[in-house]
Structure formats: structure tokens, C-alpha cells
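Peer 1: only the shape, not the letters, is given here:
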Ligand SMILES: [Zn+2]
């Protein structure tokens, strides 16, 4: 990872996944090259801290409820609350796909379809 980060033109994009809809903060670093993820860069948790109760009855204050030893109902039944942390949210996937698409368009030297002018009819 550190060797990869030192490669030329490789940029680190740091953000918290809670800002893309994940239920936990999950600070994340993506290493990218020629991919613009400006909308994610520096996006940090800005959620209001609340009081939560642990299974043992003790309380704590945090922006997001801890997933440690917590179970939720998932699509395939009861699962650890931490399971979702291993997956990107739809919002994050869309941002990444859009960035890849734009990078490809830029590499091809073409504009995205919505920016193209309307076709000119026969003269
Ligand atoms: Zn947050």
C-alpha cells in the first residue's frame, strides 16, 4: 500500500464512508490514478453525536452506533451489524462509476453525451 502510494500520479482520496450512506464512520483511503474523486476528498463525518446503549446496558456517545457485538436482520436473515461495512453503498458505487466513466471519456477525448450538441439536420 505505501509503495503503491509513492508511485507517480497516484493520489490518496480520504473520506468517511458515513457520508456516502454507510451506518458507521469508516474512515477510508482510496488510491487513484487519473480518476477524479474530488467530491469524496476530505468528506468527513459531520453527523450529530447521540447516546447509544451497549448490550450490557452501559451508554456511550458517538456519531454512529457501534457495530461491535450487534446483530441486525439482513437479506439472508440475522447477521452481524458489521457485515455491511465490507460493502460500498449504492451512493459510493455511483460516485466511483461516474469518476471512471469521466476518466474514460477524457482519455478518449470525447465529451459525455449530454454535453454534445444536437445533431444538425440535412441541408
Ligand atoms: Zn458520520
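Peer 2: That came in fine, so what should we check first? Bear in mind that the values here come from a model prediction, so they are computed numbers and not experimental data. Residues are numbered from 1 along each chain as shown.
Peer 1: quick one, helices of the protein?
Peer 2: With DSSP state H applied, the chain shows helices at 2-5, 90-108, listed in chain order.
Peer 1: export these to CSV and tack on mean neighbour count, mean pLDDT and distance to residue 50?
Peer 2: (C-beta placed from N, C-alpha, C; glycine too.) Output for the helices of the chain, formatted as CSV (neighbours: other Cβ atoms under 10 Å; pLDDT from 0 to 100; distance: least, Cβ to Cβ, whole Å):
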stretch, mean neighbour count, mean pLDDT, distance to residue 50
helix 2-5, 8, 74, 35
helix 90-108, 14, 93, 22
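Peer 1: what's the closest of the ones you listed to the ion?
Peer 2: helix 90-108 (13.3 Å; Cβ to the ion).
Peer 1: residues in contact with the most centrally placed residue in the chain?
Peer 2: For the chain, residue 92 is the residue whose C-alpha lies nearest the centre (Cα atoms, centre = their mean; 3.6 Å). Contacts for residue 92 (Cβ atoms under 8 Å, 6 or more residues apart in numbering) come out as 17, 20-22, 40.
Peer 1: how much space separates it from residue 39?
Peer 2: Distance from residue 92 to residue 39, counting by Cβ to Cβ, to the nearest Å: 11 Å.
Peer 1: and if you look at residue 59?
Peer 2: Using Cβ to Cβ, we find residue 59 at a distance of 35 Å from residue 39.
Peer 1: so what's residue 84 closest to, chain neighbours aside?
Peer 2: Distance criterion Cβ to Cβ, 6 or more residues apart in numbering; nearest residue to residue 84, sequence neighbours excluded, is residue 23 at 6.5 Å.
Peer 1: great, nothing more from me.
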